[in-house]
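S.K.: How does the following fold in three dimensions:
(chains A and B)
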Amino acid sequence: MKNRRPRTSQTLLFLALCLFTAVMLTPVIWAFLTSIKQPIDAFAIPPTLVFLPTLEFHHQVWFEKGFAGFLVNSLIISVSTVLISVSIGTMAAYGLSRMRGRAARGILFGLLSLRMFPHMLLAIPFFMLAKYLNLIDTYPAMILALVAINQPFTIWLMHSFLVDVPTEIDEAASIDGASEWQTFFKVVLPIVRPGLWVTALFSLLLAYNEFLFALVLTGPHTKTLPVAIAEYGGEDLNYWSLSAAAAIGIMIPIMVFMMLMQRHLVRGLAMGAVK
Amino acid sequence: MAVETTMSNTRHEVRTPAAKRRVKAAKGRRLWPFLLPSAIVSFFILIYPLCYALYLSLFSYYLDSGVSNFVGLGNYTDLLGDGRFWSSLQRTLLIVVAAVSLEFCVGLAIAYGLYRLTFGVRTLNLLMFLPHIITPVVAALFLKWIFAGRWGLLDLILGSMGIFSPDWLGDPMWARISVVLADAWQFTPFMILVLYAGLNTVDQSQIEAAQIDGAAGWQILFRIMLPSIRPLIVFVLTMRMMDAFRYFDTIYVLTSGGPGSATETLTMQTYALAFRLFEVGKASALGVLTLVIVLLLAAILIGVVGRSKEKSQ
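M.R.: Here you go, the predicted model:
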């Protein structure tokens, strides 16, 4: 595809891009180093490169400072969100992908504009309603809020996988006497299973990363990791090693996610995943 | 159509066009139940709260004291007459424009670099992508440990070189720059990924033709490749602009709008109004105004580029 170029210019280009990557990764590496250094090494001037690594802070923040509990909250909330959001979203996406005419396009466009809404405008009524219904600091409030904001994204991404399944397949199934539901569950879903996984993982990431609604809707019993780490903060120097350890821990599942999803990143992102 | 005909012929012997149409129409009706669960959820948890926010914006409602009075459009006229609204709109625009243009320029340069590179592209692409999918709050903390006074990495490095560094997060101007850099750190990878994918879709024969005509690399990029991915560029700029406007997590952690109000964007101001001062009515009105502004800007962005497209045709 691409032309062969002189070796030296390729090497220079490669080095320049490596340099850029290194700059981009510096904050992550610095935080990682902070988390495995004793404070005395972490803040030495100039920064020390030779030191005795320790996992003391990782152990302390997860098991003594309660971050394990926040992880459980985060998991309960994001997994429930994905289960609900992806099942109802996939159904809706299937319906939309098989409809002809203007209605389906109108709905899809409406969903896209909902996705663009400033979340702050939703956070206020969510907070008021949750307060009124006495749902502040409960899992359902947070799960429902996340399902709702995940819907447009889930439907769009699933729709993009479902339109790739030829309608002839459904027609063949319905001629053979399958009902709409049988066609959906037994014929179409198995075909889009990879897409289902991609959508589920992206929704999981979206729910796991969410901050604003968690800040407003959760409390001591349901606090998620992003809220916990933001509160823990980086203010007091004594806590830097601890919060760096927590921050690195929060990031590890995401790195695993990235390895798994590298082929699908563009598609998911174009639909507005992550943030 | 041909495929359909052959399929129905082999599967079923007699199918008149009228019968077929009936099947299709019936099918159209039976699809609605698939939309129902999602529609119910979206109605109760998206549409209804949004309408409620619109309704709230017509009241002077103090959540802590519970005093609520109908003021009509009073909140809106208050905000539009308030200098604080205009200065935070100005700040938001400044931050959004600076961040999005920085991301686009750097993103394009790197994407083009990756496009020209013949080896190691996937690994590099994956590595430089990491900042984008880290939890935003965590990303903001990582940057805080870079910018923090005295013990931050930047100060440690500059200090060891004997350079006296400014207070990155405490000086109004530097705080704004830090916030822009923080946004760029997280979203440039997104630009790179999308633009790189776009550059790879450009028709290879066009590029080869230009090469034969003796066009330089940068001429090919600006004259052929960029115009042919213009729709993608508009899309990605519009998306980024809208997202940057509601940029909250990072500013909240990095500066929480300070020092003073140097980095207080419209979103931060809305948050402060609603959840610090508990003026939920006014905060809702500010949210609605922000939405209107964002929609206007998106329409302008799409309109301007749409028009220049017509001109070029």
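S.K.: how about low-confidence regions in the stretch 201-313 of chain B?
M.R.: In the predicted model, the stretch 201-313 of chain B carries pLDDT under 70 at residues B:305-313.
S.K.: which residue packs closest to residue 70, ignoring adjacent ones?
M.R.: Just going to use chain A. residue A:228 (4.2 Å; C-beta to C-beta, 6 or more residues apart in numbering or on different chains). For glycine as for every other residue, the C-beta is placed from the backbone atoms N, C-alpha and C.
S.K.: hmm, I had chain B in mind actually
M.R.: Nearest non-adjacent residue to residue B:70, counting by C-beta to C-beta, 6+ apart: residue B:59, 5.7 Å away.
S.K.: do the same with residue B:76
M.R.: In this structure, residue B:76 finds its nearest non-sequential neighbour in residue B:285, 5.3 Å apart by C-beta to C-beta, 6+ apart.
S.K.: Next: residue B:255.
M.R.: residue B:263 (4.7 Å).
S.K.: How is the chain partitioned into domains?
M.R.: In the absence of a named chain, this looks at chain A. With domains defined by automatic domain parsing, chain A comprises A:7-56, A:57-270.
S.K.: wait, I meant chain B there
M.R.: B:1-30, B:83-312.
S.K.: what's the most buried one of the ones you listed?
M.R.: Highest mean neighbour count among the domains of chain B (mean count of other C-beta atoms under 10 Å in any protein chain shown): domain B:83-312, with a mean of 19.
S.K.: Deepest in the core, which of the domains of chain A is it.
M.R.: Highest mean neighbour count among the domains of chain A (mean count of other C-beta under 10 Å): domain A:57-270, with a mean of 19.
S.K.: Mean confidence (pLDDT) on it, please.
M.R.: The average pLDDT within domain A:57-270 is 86.
S.K.: same question, stretch A:16-27
M.R.: Mean pLDDT, computed over stretch A:16-27, is 93.
S.K.: and if you look at stretch B:140-148?
M.R.: For stretch B:140-148, mean pLDDT is 88.
S.K.: Could you pull out the helices in the stretch 51-200 of chain A for me?
M.R.: Assigned by DSSP state H, counting those that start in this stretch, the helices in the stretch 51-200 of chain A fall at A:56-59, A:67-98, A:102-115, A:119-132, A:139-162, A:167-175, A:180-182, A:189-191, A:193-209.
S.K.: Could you save the ones you listed as CSV and add columns showing distance to residue B:257?
M.R.: CSV is the format used below for the helices of the stretch 51-200 of chain A (distance: least, C-beta to C-beta, whole Å):
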stretch, distance to residue B:257
helix A:56-59, 30
helix A:67-98, 25
helix A:102-115, 26
helix A:119-132, 13
helix A:139-162, 23
helix A:167-175, 52
helix A:180-182, 51
helix A:189-191, 47
helix A:193-209, 21
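S.K.: out of these, nearest to residue B:241?
M.R.: helix A:102-115 (14.1 Å; C-beta to C-beta).
S.K.: Which other helices and strands does the closest one contact?
M.R.: helix A:67-98, helix A:139-162 (3 or more C-beta pairs under 8 Å, 6 or more residues apart in numbering or on different chains; DSSP states H and E).
S.K.: Of all these, which one is nearest residue B:238?
M.R.: Closest to residue B:238 of the helices and strands packed on helix A:102-115, according to C-beta to C-beta: helix A:139-162, at 15.5 Å.
S.K.: ok, is that closest one in contact with chain B or not?
M.R.: Yes: against chain B, helix A:139-162 shows contacts by C-beta under 8 Å from any C-beta of the partner chain at A:144, A:145, A:147, A:148, A:149, A:151, A:155.
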